[in-house]
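*Asks:* Below is the sequence, then the predicted model.
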There are 2 protein chains.
Amino acid sequence: MDHEPKTSTVALDPIDQALVDGVLDRRPRALAKAITLVESTRADHARRASGVLDALLPHTGRSIRLGISGSPGAGKSTFIEALGLELIRQGRRVAVLAVDPSSTISGGSILGDKTRMERLSVSPDAFIRPSPSRGSLGGVGDKTREAMLICEASGFDVVIVETVGVGQSETTVAGMVDAFVLIQLPNAGDDLQAMKKGIVELADVIVVNKADIDPAAAEIGRRQLAGALSLLHSSSSPWKPVVVTASASKGDGIAKFWTEIERHHKLLTDTGELAEKRRRQAVEWMWSLIDAGLRSRFRSNPRVRRDLDALSRSVAQGETTPSAAAYRLLDHVESANL
Amino acid sequence: MDHEPKTSTVALDPIDQALVDGVLDRRPRALAKAITLVESTRADHARRASGVLDALLPHTGRSIRLGISGSPGAGKSTFIEALGLELIRQGRRVAVLAVDPSSTISGGSILGDKTRMERLSVSPDAFIRPSPSRGSLGGVGDKTREAMLICEASGFDVVIVETVGVGQSETTVAGMVDAFVLIQLPNAGDDLQAMKKGIVELADVIVVNKADIDPAAAEIGRRQLAGALSLLHSSSSPWKPVVVTASASKGDGIAKFWTEIERHHKLLTDTGELAEKRRRQAVEWMWSLIDAGLRSRFRSNPRVRRDLDALSRSVAQGETTPSAAAYRLLDHVESANL
């Protein structure tokens, strides 16, 4: 009676089965190939990727999923490298994925240059994946969620999703991780003012990095941020956001930071909030993909394309109300089979 | 070559022309009838409303648009009444519209009981409109934007949109006003913690109300909030959010509050930010109505209805990836004419 195919009902072709086995056997090349398959926009690849993901899904869900964001210059990659090395020292395996909304525009990529994390990238217990190109549906981070699941199936204990402090990418990343971390410079006020509104409130942990440069300033910044966060804390979550200081280049504060992440993870697990959060995130992500897909189909409707620019201009100029314009455009798809 | 009808190209039928003239002549009954027409979900009313709005649009845009929110008990209606009476004393005309997401669920309404603003409601220079019922498209506040435009055309100098601190209504209201105001109790920390994340960052002005009860506590609350806001201020806006204290029941702080709103309005006007903000809001509102309309059409597709529940459950349980589910559901409308 179920309409969705179950994991085990569809047999994979031998190539894809080998890929699945390779991912589960923790082979780096298989992992990289599986992510490339998932990121592909080719229709035949999409079908194959769907089968591979279905086969891997029962092996996912056991990692700690960490989102890390911060303005350029805050020392994100130094922090992530120090964190990664510390976790490996503790016997963990670490994957780092990057979501960089500017990569396809500027041609640059946050992690395209692996030398930024030279020591981490050569460790056999680390996997670093540069920013994928924009997908067709959801924009930024379109397939990062799937890449994260593949890393989990490949036995990584911690999956870090790195993003930069621009655009919608923070919200997207916060919507796919267990804990969202903001890396700040000691001059917290100035730095925060350069960020977009709404990002601070996503943070479960804020790190005041480069604290060694001016420990007193870092402590003031930490207190300011802690005060602001206590006012913004949502009563619906059992976790109260915390602010810690660190000096990633010297390795200071990394272990303390990780203790907070583990405390967060344990609290969310024990209260049932983690499972609930992941369920909610998955369904919200499905809906955001559906919305993006619907909008993209809407935009490609010939009559919508004909009228959209003129109506948008007319709305912006106050000549047509937003709802009159919306109804008029929706009328173009009214008779369709949707 | 233009596809959208211009304001003057469509002749209104005599009844609607009389309605337009009545609104422009500042007749309260015409104003109320025009809003009722706009709020109606009947298809023939929607067509007529569209014509009436097109005729009124050239006469809009000259009010100060104010959103006022706050938790129950913060004294919103007392504050709005005191503000309204002060503005009328200064020679201004004031309209108050309510957006109450709970009104159709609970059967209650924030402003259904006009006695809550007894003195304001009897003034010939005030217009108070209770919460409309939910519209078919965008949910909360669906037609509040249109009601606001009709009030503007009817010569109100200030249009206040009131909402309560729940759900998405704050974001919706902040997206249709020039300045967004949050009313708080002196125990700011406790009160804010009861609010949803993301609301404080919408505020241009925060009022610590009921300051007379404990002036010292109110001043501490004001400073805490000002500190938090200074950290959250977006660098993209020329305006830095301010926090003021007030005691609405005694009329204290109301004039000072209004001075801040006027300073905000002048700054945004002088920098060109106001015009830009209103253009942006109008286009964003159009898109949110389009998205809601597309989603509602999507949900009523028979094949989507058949599969949606099972797929949502499967995504929530981690058996299907969000993107596989989204693509599968979108396939149902793929062949449609959309």
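*Replies:* Okay, I see it.

*Asks:* quick one, helices of the stretch 51-200 of chain A?
*Replies:* Applying DSSP state H, counting those that start in this stretch to the stretch 51-200 of chain A gives helices spanning A:76-89, A:103-106, A:118-121, A:144-153, A:169-174, A:188-193.

*Asks:* from these, which stretch is densest packed?
*Replies:* Comparing the helices of the stretch 51-200 of chain A by mean neighbour count (mean count of other CB atoms under 10 Å in any protein chain shown), helix A:144-153 comes out on top with a mean of 26. C-betas here are computed from N, CA, C, even on glycine.

*Asks:* Could you list the low-pLDDT ranges of chain A?
*Replies:* Scanning chain A for pLDDT under 70 picks out A:1-10, A:100-115, A:131-141, A:165-167, A:188-198, A:232-235, A:334-338.

*Asks:* how about 80 then?
*Replies:* Counting by pLDDT under 80, chain A has low-confidence residues at A:1-10, A:71-73, A:99-116, A:130-142, A:164-169, A:187-201, A:227-237, A:334-338.

*Asks:* Mark out where each domain of it begins and ends.
*Replies:* Domain segmentation of chain A under automatic domain parsing yields A:1-59, A:60-270, A:284-336.

*Asks:* Arrange those domains in TSV, one row each, with distance to chain B as further columns.
*Replies:* Formatted as TSV, those follow (distance: least, CB to the nearest CB, whole Å):
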stretch	distance to chain B
domain A:1-59	5
domain A:60-270	4
domain A:284-336	4
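
*Asks:* Let me have those domains in CSV, adding distance to B:Ala325 as columns.
*Replies:* Converted to CSV, the domains of chain A look like this (distance: least, CB to CB, whole Å):
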stretch, distance to B:Ala325
domain A:1-59, 7
domain A:60-270, 12
domain A:284-336, 5
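
*Asks:* so after the longest helix seen in chain A, what's the next helix or strand?
*Replies:* The residue-count maximum for a helix in chain A (DSSP state H) belongs to helix A:273-300. The element immediately downstream of helix A:273-300 (helix or strand, assigned by DSSP states H and E) is helix A:302-316.

*Asks:* which residues touch A:Val173?
*Replies:* A:67, A:69, A:99, A:141, A:144, A:161, A:163, A:180 (CB atoms under 8 Å, 6 or more residues apart in numbering or on different chains).

*Asks:* leaving aside the residues next to it on the chain, what's closest to it?
*Replies:* Among residues not flanking A:Val173 along the chain, A:Gly67 sits closest, at 4.2 Å (CB to CB, 6 or more residues apart in numbering or on different chains).

*Asks:* So the one you found sits against A:Leu182, correct?
*Replies:* No. At 9.3 Å, A:Gly67 and A:Leu182 do not qualify as touching, with contact defined as CB atoms under 8 Å.

*Asks:* tell me the angle of the helix or strand hosting A:Leu225 relative to helix B:215-232?
*Replies:* Assigned by DSSP H and E, A:Leu225 falls within helix A:215-232. On the basis of axes from the mean of the first three to the mean of the last three CA atoms, to 10 degrees, helix A:215-232 is oriented at 110 degrees to helix B:215-232.

*Asks:* buried ones in helix A:215-232?
*Replies:* For helix A:215-232, burial by neighbour count (16 or more other CB atoms under 10 Å in any protein chain shown) applies to A:217-218, A:220-222, A:224-232.

*Asks:* now, which of these sits nearest B:Arg116?
*Replies:* Nearest to B:Arg116 among the buried residues of helix A:215-232 is A:Leu231, at 28.9 Å by CB to CB.

*Asks:* Can you name the residues that contact A:Arg222?
*Replies:* A:188, A:208, A:243-245.
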